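> Give me the fold of what follows.
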Amino acid sequence: MPSLIQLPDLKRAIFEAHQKLPPKTKAPTPKSVVAPKIPETLENISHLKKILEGMDPDPQEHGNRVPWRNTIWGIRDLGWSSGYDIALEYSERGDLFDQTDFDGVWSSELKEKRKISYRSIFFIAKQNGYKGIAEFPSEVTKKTSEVVKQPKGLVTTSADQIIAERVDWLVEDCFPLGMIGVIGGNPGLGKSQIAIKLAALATSGAGSPLQNGFAPIGSVIILANEDDAARTIRPRLEAAGAVLNKVHIVQGIAQEGKELEPFQLDQDVALLRDCATKLGDVRLIIIDPPNAYIGGKTDTYKDSDVRKMLAPLQTLAHDSGALVLLVVHLNKRSDGGAHQRFNGTGAWVAVSRVAYLVGEDELDHTRHMLPVKNNLGNDKYGFIYDIKEKILHSGEDEIKTSHITWVDKSFRSANELLAPSKKTQIKAVDEAKNFLEEELSGGTKPVNDIKEAAKSAGISWASIRRAKDDMYITVKKGSEAWEWTLVQVSNDSNLGAKNV
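Model (predicted):
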């Protein structure tokens, strides 16, 4: 019978056997990815986001797990400060998104032999149908400047080498993204409020005059030093439905040990660009009015000065993909067309891709935003709008403010709105009177029926109301709705009022 081995003897035997084994090679320490020198410019960020739009982020069970993972590693390889947020935003679009899984992939170390670089993004994108350039725009520019020295003289590019790009819109066919637009109008007519309404649209996706949504939503930068941020801008933003934490109001330029200095368009656009780069998703930049941000070296009545000042803003708009909206006053001229009424030089309108004028009809007091210029969309119509009061509550305080409501499309002419003839005004009221006499000749009618008939006849409701005030029409509440009745009055009538 074999003898039993004691436990201490077994442990000693195992230890001695282990000591006689050859030494095991130590695994190399995983290396972190070294980021290539691809500049984190607005143009490159925008290009990356456009590429990712056509890629499915779902790490599916069969087929897409590896491409998704490699895409995340490729974005990380860029070394951009915004890389994590871009990768997270892309991944969150997937139905199978898992935060723990994403963070694990983003934080994982790569062995050098895997060679997953930012170029993997382009490779995967091409597999998904991407047909654009296989490099970032700034990288192409850098390589071109390093390899090819431009000769002196005229430089041209054949049209087939230029990649066509679609126009993206904040408001379809009206306000384009990536360009400069301008709104002009006299004080008190709501041009600044329209800009605020567009800020609400850019940050929330709701509030378009076309009654449709906007996407993808983003951030807004506002320069508006003629309005108080706490008493005017903030309440108006809230009343308009803006997402407040996505709206950034410029206070000034900070200097070490000094008070804030005013922002100046002819000096500080680079700082505005830095702000847009950090935000990464700017859709709208409002400058209201630009004259308040111009230093003494720029003559706003000199075309060349204004064009020179607006050139960096054009570049900023293009690179960031944001609409740069200028809100300007009108001059006092009574001659010329609407495009000549914008205060200062004509460069405000010439440089802008779209220009709208706001004005009020003297006859019916309707307010219109009408196209003066639209190089890219529809210049046949504008919009009728109204300004409504709204009460906000802040703690125990009530804050009275106002906001824009869109009423309908307007097919008026901006030139006609600025200089309506007296004859046209009288004709509109007379036409409305004739309409009411005919409409009410058969007796009492509900107001809603009159509205529908007037709309079909092309007569504004404001003209109808003005005509009614000049006629003997009774107004009373019927069983279901308000009703109007035309009263036939003899010449010797002593009815003292027009509305009986």
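> Would you mind stating the distance between residue 429 and residue 402?
Counting by Cβ to Cβ, to the nearest Å, the gap from residue 429 to residue 402 is 29 Å. In this view, the C-beta of every residue, glycine as well, is placed from N, C-alpha and C.
> Quick check: residue 122 touching residue 51?
Yes: the pair residue 122 / residue 51 is scored as a contact, 7.4 Å apart, by Cβ atoms under 8 Å.
> Counting neighbours, go ahead and name the busier of those two.
residue 51 (21 against 18; other Cβ atoms under 10 Å).
> hang on, the earlier thing: list the residues that contact both of residue 122 and residue 51?
Shared contacts of residue 122 and residue 51 (Cβ atoms under 8 Å, 6 or more residues apart in numbering): residue 130.
> Worst mean pLDDT across the helices and strands of the protein, which element?
Lowest mean confidence among the helices and strands of the chain (mean pLDDT, DSSP states H and E): helix 137-147, at a mean of 52.
> Now do the strands in the stretch 301-450 of the chain.
Ranges of strands in the stretch 301-450 of the chain, per DSSP state E, counting those that start in this stretch, are 323-328, 354-360, 367-374, 382-394, 397-410, 445-446.
> mind checking how far the last one is from the chain centre?
Its chain's average C-alpha position is 43 Å from that of strand 445-446, according to Cα atoms, centre = their mean, to the nearest Å.
> what do you get for the fourth one?
Centroid separation for strand 382-394 versus its chain: 20 Å, with Cα atoms, centre = their mean.
> What of the second one?
What separates the centre of strand 354-360 from the centre of its chain is 18 Å, taken as Cα atoms, centre = their mean.
> Only alpha carbons, please: show that strand as PDB.
Only the C-alpha atoms of strand 354-360 are listed here, as PDB (Å, rounded to 0.1, in the frame of the first residue of the first chain):
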ATOM      1  CA  VAL A 354     -30.100  86.600 -48.600                       C
ATOM      2  CA  ALA A 355     -31.500  89.900 -47.500                       C
ATOM      3  CA  TYR A 356     -35.000  90.500 -45.900                       C
ATOM      4  CA  LEU A 357     -36.700  93.700 -45.100                       C
ATOM      5  CA  VAL A 358     -39.300  94.000 -42.300                       C
ATOM      6  CA  GLY A 359     -42.000  96.600 -42.500                       C
ATOM      7  CA  GLU A 360     -45.600  97.500 -41.600                       C
END
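> From the contact counts, what lies against that strand?
Where contact means 3 or more Cβ pairs under 8 Å, 6 or more residues apart in numbering; DSSP states H and E, strand 354-360 is packed against strand 180-185, strand 367-374, helix 414-418.
> for the first one, packing partners?
The helices and strands touching strand 180-185, judged by 3+ Cβ pairs under 8 Å, 6+ apart, are helix 191-204, helix 303-320, strand 323-328, helix 347-351, strand 354-360.
> so which of the ones you listed comes closest to residue 249?
Smallest distance to residue 249 across the helices and strands packed on strand 180-185 (Cβ to Cβ): 10.3 Å, for helix 191-204.
> so where's the stretch 201-350 of the chain uncertain?
Applying pLDDT under 70 to the stretch 201-350 of the chain flags residues 335.
> at 80 what do you get?
256-257, 295-301, 332-336, 344-345 (pLDDT under 80).
> Average the pLDDT values over stretch 451-471 and round to the nearest integer.
Average pLDDT, stretch 451-471: 84.
> which residues in the stretch 51-200 of the chain form helices?
Shown for the stretch 51-200 of the chain, the helices assigned by DSSP state H, counting those that start in this stretch span residues 65-77, 83-92, 99-107, 119-127, 137-147, 191-204.
> highest average neighbour count across those?
Neighbour counts (mean count of other Cβ atoms under 10 Å) averaged over each of those peak at helix 191-204, with a mean of 25.
> Check which helices and strands that one sits against.
Packing partners of helix 191-204 (3+ Cβ pairs under 8 Å, 6+ apart): strand 169-171, strand 180-185, strand 219-223, helix 234-240, strand 282-287, strand 323-328, strand 397-410.
> which one of the ones you listed lies closest to residue 382?
strand 397-410 (4.7 Å).
> Check which helices and strands the closest one sits against.
helix 191-204, helix 234-240, strand 367-374, strand 382-394.
> Run through who's touching it.
Outside strand 397-410, the residues within contact range by Cβ under 8 Å, 6+ apart are 190, 193-194, 196-197, 208-209, 211, 232, 235-236, 238-241, 366, 368-370, 381-393.
> Could you list the buried residues of that strand?
Using 16 or more other Cβ atoms under 10 Å as the burial criterion, the residues of strand 397-410 that qualify are 401-404, 406, 410.
> Stretch 303-317 now?
By neighbour count with 16+ other Cβ under 10 Å, stretch 303-317 contains the buried residues 305-306, 309-310, 312-314, 316-317.
> What of stretch 458-474?
459-464, 466-468, 471-473.
> ok, for residue 475, nearest residue in space, not its chain neighbours?
Of all residues not flanking residue 475 in the chain, residue 484 sits nearest, at 6.0 Å (Cβ to Cβ, 6 or more residues apart in numbering).
> Please name the bridge partners of the one you found.
Beta-bridge partners of residue 484, counted by DSSP bridges, are residue 445, residue 475.
> mind listing what it touches?
Residue 484 touches 436, 440, 444-445, 447, 450, 468, 473-475, counting by Cβ under 8 Å, 6+ apart.
> so which of these comes closest to residue 173?
Ranked by distance to residue 173 (Cβ to Cβ), the contacts of residue 484 are led by residue 450 at 32.6 Å.
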